[in-house]
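Chemist: Below is the sequence, then the predicted model.
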Amino acid sequence: MNAITTTQPLVSIEGLTIGLPFGGDRARAVDAIDLSVHRGRVLCVVGESGSGKSMTAHAIMGLVPRPLKVDGMIRYGGENLVGMPAARHRRIRGSRIGMVFQEPMAALNPVMKVGKQIEEVFRFHGVPGPHDARIVALLEQMGLPEPELLRHAYPFRLSGGQRQRVMIAMALALDPDLLIADEPTTALDVTTQKQILALLKTAQAERDMAIVLITHDFGVVAEIGDEVAVMQHGRIVERGLVSEVLGNPQHDYTRTLLAAVPRLEPNPSTKPAGAETLLSADRVTKVYASRSGFFGPRREVPAVTDATLSLARGETLGIVGESGSGKSTLARIIVRLLTADSGEVRLAGVERNLLELGHRELAPLRRRVQMVFQDPFASLNPRRTVFEIVAQGLLAHGTGRREARRRVEELLDLVALDPAVADRYPNAFSGGQRQRIGIARALALEPDLIVADEPVSALDVSIQARVLKLFSDIQHRLGIGLLFITHDLRVAAQVCDCVAVMQRGRIVEMGTSEQVLFEPRHDYTQLLIDSIPGRGMLSAHTGSRAK
Amino acid sequence: MSFLKRFAENRGALLGLVILAAIVFVALAAPVLSPTDPWATQGRPLLPPGSDFVLGTDMLGRDVLAGIIHGARISLWIGVLSTVVAVVIGVSIGALAGFFGGWVDDVLVRVVEFFQTIPSFIFAILLVAILTPGLTSIVVAIAVVTWPPIARLARSEFMSLRSREFVEAAVLSGVSRGRIMLAEVLPNAVSPLIVMGSLMIATAILTESALSFLGLGDPNRISWGYMIGAARTVFRQAWWLSVFPGLAIVLTVLAINLVGEGLNDALNPHLKGRIGLER
């Protein structure tokens, strides 16, 4: 594996440039980059959204969208892939170079059995059949259970991790020399991510293949990479061995990015001692029932089971768990966008159980509990100005327009946005700025409690760090209670005083974040902690306490 | 503005817009362009086109051109008015069904289905016959048979928008449900509704012509469908009596469809597949 200097690289990219159409935010998506990868090595291309990393991967595959122009050289097997006739490229693509995409559900054909989809790869590349034995063997190698049965299943029957394994099986079907993986684990839970990364690593070692892995996560780089290239604005700012770049970053941008990666390290609790309880939930239970067809059997899916928690004024309670653990459902029950089947939710100063209140009785209480949403694009109405978005609650509760205007300007200032932007529409803002607008909207009614549902998971790390800081600043200043939903334990460690871990609708462990994240008692919590990518490597280099 | 630019890029839509503008102009300026009464006898009956009368005369010696010019008024007026009524009914019912869901949705969807199961043209004939032919009854009949597809479209738009996070945020801010529907959801649902409404004007014009052809039009106003219907007995002797009003209908409907398609492409640019793979 250390034959780097002696052999020819498998793929070498020289001066690759991809132009963007006129009027884009920059002239080139990828600007004269050089890269190379050798057989048996994993090259990670890391960068934030819009850095051109995906475009680079697509250029190797010849999948750059039509109006964009590609220049430069991509040498592979003595040929230049740039400007190669499509028919020729197609023969290389899929057989010599395989690709795995981010979203396995979108990349698989939903109305075709997975075995057939793998078979297509063989058929299109003219491999004589029958292929059954090869397909089964391939699925088996991918660690999928009962491959004989599974190959007759449709994609929707499989879990996210299983779908990604099928995608990898397709990409590896013809034993390619090079695998390009574009954010292959971003849509997956941490525990699944760990398994998929391990699978890629084994598959690579068995076939002596090269992998180009596109990611935004330094954790993944530390976990699987041999070499890393850091991209910013279409240029490569730093290249080298993973241990060198992560241990001793040379470029400022790399340093900033590494510093922004949240770390699993204890955070001194700032919880005011003896504060009054603001919110308490007692044995909240919610079951989703659906019926397939008119006479079909009723299907019941428990979303939240017996969830009990409490939150004091000025405190931050984190709810962590994987997708489908019921954390978002619990959040929506607490803000009463949903109602529960049984249980109690109480808010300080309100006599009755919130779950029993009707639409009209809730109206005056709405202003005390506000929410910040996950998706900064879906959570702002594209047809309304920032002023209208932030002021909607004020206006609905009878504040005058002039007074509302003044408040909105104050709020925008509080979330570090220029108050002059109030008359612009959301499309003028980046993801991080939109999330700030969302926070300003939640703060407008001076709530006692803010429920934040994955507020930073759609943001780049550097922006993530700033938004998290904003949350803690605001909390210190205003003393509100914060219920922070996240799938990322590292983020929870940074901002939460207390943490509750959810698994399949139940809270399996709850306590102060120091206790839960550093001396976990439940196996599942331990599993989540062990699954954090690149944990040992990243924290060792910064000298923080690592297990 | 990029919307206008995208619309202008579509040659068909521009052509449609030009034709439509011309027809609207003719309709508005009818009293000036043809000051005489279209019902009045002007010359000898069944004169072919090209003589004293550009498009000839009918069996009672009435000017065909004057009939077409004045007929444009009624066709466009009924098309626009009945579509507006249908859109108002359809959007209100669809919005309520899609936004509230549950039993409200069940009940309203049954109502929509009830209207959809009746063959629409026969239903329209029946309504006009019961209400006695006239401008109002035709508008009502066309609106009553055309609102269900609008309701379905509005319902699906409202359903998908209702669960968006910005709507949830408005609920949490204490904004009233009526205001959420009008100010938050409707503006985001409006572009497919505009496209469908514009195409419905064309259907309404066709329906009006068909009703008039059957003699169920407004007896006091000349219309293209009435002219074709009246000419059918002398079709073999005097082709110009049915061909010119027929062309007027074709041209108007075509122009409206072209504009509707252009609106669709301009309002939903992502559906047009401007970005494709290099092959």
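Modeler: Done, it's in.

Chemist: In contact with the residue of the stretch 401-547 of chain A found nearest chain B: list those residues for me.
Modeler: Nearest to chain B in the stretch 401-547 of chain A, going by C-beta to the nearest C-beta, is residue A:441, at a distance of 6.3 Å. Using the backbone N, CA and C atoms, a C-beta is placed for each residue, glycine as well. The contact partners of residue A:441, taken as C-beta atoms under 8 Å, 6 or more residues apart in numbering or on different chains, are A:370, A:389-390, A:392-393, B:169, B:173.

Chemist: for residue B:240, same thing?
Modeler: B:48-49, B:55-56, B:64.

Chemist: So which of those residues are in helices?
Modeler: Among these, the members falling in helices (DSSP state H) are residue B:64.

Chemist: List only those of the contacts of residue B:240 flagged as buried.
Modeler: Taking 16 or more other C-beta atoms under 10 Å in any protein chain shown as the criterion, what is buried in the contacts of residue B:240 is B:49, B:55-56, B:64.

Chemist: Can you add distance to residue A:408 and pLDDT and give those residues back as a markdown table?
Modeler: What follows is the buried ones among the contacts of residue B:240, written out as a markdown table (distance: C-beta to C-beta, whole Å; pLDDT from 0 to 100):
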| residue | distance to residue A:408 | pLDDT |
| --- | --- | --- |
| B:49 | 68 | 87 |
| B:55 | 63 | 86 |
| B:56 | 68 | 85 |
| B:64 | 64 | 89 |
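
Chemist: Just name the closest of the residues you listed to residue A:254, please.
Modeler: Of all the buried ones among the contacts of residue B:240, residue B:55 has the smallest distance to residue A:254: 79.4 Å, by C-beta to C-beta.

Chemist: returning to that earlier point: just the element for the residue of the stretch 401-547 of chain A closest to chain B, please.
Modeler: Per DSSP states H and E, residue A:441 falls inside helix A:431-443.

Chemist: With residue A:500 instead?
Modeler: strand A:498-503.

Chemist: By mean pLDDT, flag the weakest helix or strand of chain A.
Modeler: helix A:535-541 (a mean of 58; mean pLDDT, DSSP states H and E).

Chemist: give the contact list for the residue of the stretch 201-350 of chain A found nearest chain B.
Modeler: Minimum separation of the stretch 201-350 of chain A from chain B (C-beta to the nearest C-beta) falls at residue A:337, amounting to 5.5 Å. The neighbours of residue A:337, taking C-beta under 8 Å, 6+ apart as the test, are A:371, B:168, B:171-172.

Chemist: ok, now how distant is it from residue B:96?
Modeler: 20 Å (C-beta to C-beta, to the nearest Å).

Chemist: likewise residue A:155?
Modeler: Counting by C-beta to C-beta - residue A:155 and residue B:96 are separated by 36 Å.

Chemist: Ok, residue A:290 next?
Modeler: Going from residue A:290 to residue B:96 by C-beta to C-beta gives 23 Å.

Chemist: which of those two has more neighbours?
Modeler: residue B:96 (19 against 9; other C-beta atoms under 10 Å in any protein chain shown).

Chemist: Give me the phi and psi for the closest residue to chain A within chain B.
Modeler: Per C-beta to the nearest C-beta, residue B:173 is where chain B lies closest to chain A, at 3.2 Å. Here the main-chain torsion angles of residue B:173 (degrees, to the nearest 10) amount to phi -80, psi 0.

Chemist: correct me, but it touches residue A:363?
Modeler: No. Look at residue B:173 against residue A:363 with C-beta atoms under 8 Å: they stay out of range, at 10.7 Å.

Chemist: quick one, what contacts the nearest residue to residue A:224 once chain neighbours are set aside?
Modeler: Nearest residue to residue A:224, sequence neighbours excluded (C-beta to C-beta, 6 or more residues apart in numbering or on different chains): residue A:197, at 5.1 Å. Residue A:197 sits next to A:185, A:220, A:223-224, A:533 when contact means C-beta under 8 Å, 6+ apart.

Chemist: can you list the residues of the stretch 301-450 of chain A near chain B?
Modeler: A:335, A:337, A:363, A:366-367, A:369-371, A:373-375, A:378-384, A:389, A:392-393, A:396-397, A:438, A:441, A:444-445 (C-beta under 8 Å from any C-beta of the partner chain).

Chemist: Of these, which belong to strands?
Modeler: Counting by DSSP state E, the part of those found in strands is A:369-371.

Chemist: Narrow those to just the buried residues.
Modeler: Neighbour-count burial (16+ other C-beta under 10 Å) applied to those gives A:369-371.

Chemist: rewinding a little: want to throw the buried ones among the contacts of residue B:240 into CSV with distance to chain A?
Modeler: Putting the buried ones among the contacts of residue B:240 into CSV (distance: C-beta to the nearest C-beta, whole Å) gives the following:
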residue, distance to chain A
B:49, 51
B:55, 48
B:56, 53
B:64, 48
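
Chemist: low pLDDT regions in chain B?
Modeler: Residues of chain B that meet the criterion pLDDT under 70 lie in B:1, B:269-279.

Chemist: one more time with 80
Modeler: B:1-3, B:6, B:51-52, B:267-279 (pLDDT under 80).

Chemist: ok, which stretches of it are strands?
Modeler: With DSSP E as the definition, chain B shows no strands.

Chemist: and whichever residue of chain A sits closest to chain B, how many neighbours?
Modeler: In chain A, the residue that lies nearest chain B is residue A:393 (3.2 Å; C-beta to the nearest C-beta). Each residue near residue A:393 was counted by other C-beta under 10 Å, and the total is 26.

Chemist: Check the burial of the closest residue to it other than its chain neighbours by counting its neighbours.
Modeler: The shortest distance from residue A:393 to any non-neighbouring residue, by C-beta to C-beta, 6+ apart, is to residue B:173 (3.2 Å). Neighbour count for residue B:173, taken as other C-beta under 10 Å: 25.

Chemist: Repeat that for residue A:531.
Modeler: The number of residues packed around residue A:531, counting by other C-beta under 10 Å, is 18.
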